[in-house]
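>>> Predicted coordinates and the sequence they were generated for:
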Amino acid sequence: MEEQRVLLSFVIASCVVTLMPGPSMIIVMLNAAQRGLLSGVQTALGVVVADALLLVLTLSGIGTLLYSSAMAFSILKWAGVCFLVYLGIKQLAFLPQPDERNETDHNQPVAAPRRHAFLQGLATTLLNPKIIGFFVAFFPQFLDPQQSIASQLLLLGPLFLLIVFVILCGYALFAVSVGSFIAGRRSKLAIKNASGAALIGCGVLAATMEQGS
C-alpha cells in the first residue's frame with residue numbers, strides 16, 4: 001500500500017514538473033507548429049534521450065560532480081545560454097508564409113530536415129545544468145533506503161521518461177491543433193516573434209542562474 005502511494009506521488013510530481021513551461025516545452029511546440037506533429041514528436045524524443053543521459057550521469061555520481069564543479073557548471077550554463085539565444089534569434093529571423101503548410105507535402109520537412117528537430121531537443125536539454133540538480137534533489141524523495149535502490153530506480157527512471165515523452169507529445173499535438181486554425185501571416189508572425197522572444201528570455205534567465213540554486 002505504501003509503495004503504491006509513493007508511486008502515485010511520484011507520477012503526480014513528475015506530471016506537475018513536466019507541465020511547467022521551459023525551453024524544452026517551447027522548442028517542442030515551436031517545431032510542431034511550424035513543421036508538423038512528427039517534428040514535434042522527434043523533438044520530444046530528443047528531450048527524453050537527453051534526460052535519460054543526464055539521469056544516468058546523475059545516478060552514476062558523475063552528474064553530481066559536474067553539477068558541483070564551478071567550472072563545469074559555468075561551461076554548461078553559458079553553452080546553454082548561447083544555444084537558447086541562437087534558437088530565439090533564428091526564430092525571429094524566420095519568415096513564415098500564410099499557406100506554407102498547405103503547399104507543402106505533410107510528409108516532407110518544412111524549413112529544415114526533421115533530424116534537426118531531434119538534435120534541437122537533445123541539445124536544449126543536455127545544455128541545461130539545472131536538470132542535473134533537479135534529478136539530484138527529486139529522485140531521492142521517492143526512494144526507500146531500506147530497499148534496493150537500483151531496483152527502485154529501474155522503475156522510477158523509465159516511468160519518469162515515459163511521462164515526459166507523453167506530456168511533450170501532448171504539447172506538440174496541442175501546437176499542431178492550434179496552428180491549424182492560424183492561417184494568416186499576421187498571426188503566424190505574432191507566434192513566431194513570441195516564441196523567439198520566449199527562447200531568448202529563457203536564455204537570459206539561464207544566464208542569471210547560480211550554481212546550487
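In hand now; what should we look at?

>>> tell me the contacts of A172?
Contacts for A172 (CB atoms under 8 Å, 6 or more residues apart in numbering) come out as V28, M29, N31, A32, L37, G40, V41, T43, A44. Every residue, glycine included, has its C-beta placed from N, CA and C.

>>> And these, which of them are buried?
Buried members of the contacts of A172, scored by 16 or more other CB atoms under 10 Å, are V28, M29, N31, A32, L37, G40, V41, T43, A44.

>>> and the one helix or strand the second one maps to, what does it pack onto?
Following DSSP states H and E, the helix or strand that holds M29 is helix 23-35. Packed against helix 23-35, as judged by 3 or more CB pairs under 8 Å, 6 or more residues apart in numbering; DSSP states H and E, are the following elements: helix 37-60, helix 70-93, helix 115-126, helix 149-179, helix 185-207.

>>> now the angle between helix 115-126 and it, please.
Calculated by axes from the mean of the first three to the mean of the last three CA atoms, to 10 degrees, helix 23-35 forms an angle of 170 degrees with helix 115-126.

>>> Convert helix 23-35 to CSV, retaining C-alpha atoms only.
C-alpha atoms of helix 23-35 as CSV (Å, rounded to 0.1, in the frame of the first residue of the first chain):
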residue,chain,number,x,y,z
PRO,A,23,12.9,25.7,-23.0
SER,A,24,12.2,22.1,-23.9
MET,A,25,8.4,22.6,-24.0
ILE,A,26,8.8,25.8,-26.1
ILE,A,27,11.0,24.1,-28.7
VAL,A,28,8.7,21.1,-28.9
MET,A,29,5.7,23.3,-29.5
LEU,A,30,7.6,25.5,-31.9
ASN,A,31,8.7,22.7,-34.1
ALA,A,32,5.3,21.0,-34.1
ALA,A,33,3.6,24.2,-35.1
GLN,A,34,6.0,25.0,-37.9
ARG,A,35,6.9,21.6,-39.3
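
>>> mean confidence for it?
Here helix 23-35 scores 86 as its mean pLDDT.

>>> what's the angle from that helix to helix 37-60?
Going by the same axes, to 10 degrees, helix 23-35 makes 160 degrees with helix 37-60.

>>> Now do V136 against S24, distance only.
Plainly put, V136 is 18 Å away from S24 if you go by CB to CB, to the nearest Å.

>>> out of the two, which sits in the busier spot?
The residue with more neighbours, out of V136 and S24, is S24; 26 against 15, by other CB atoms under 10 Å.

>>> Who are the contact partners of the closest residue to the more buried one other than its chain neighbours?
Of all residues beyond its chain neighbours, the one nearest S24 is V47 (4.6 Å), with distances taken as CB to CB, 6 or more residues apart in numbering. By CB under 8 Å, 6+ apart, the contact set of V47 is S24, V28, G121, L122, T124, T125, V164, F165, L168.

>>> Which of the helices and strands in the protein ranks last by mean pLDDT?
None of the helices or strands of the chain scores lower by mean pLDDT, DSSP states H and E than helix 62-68, at a mean of 57.

>>> give me the number of residues near L53?
L53 is flanked by 14 other residues according to other CB under 10 Å.
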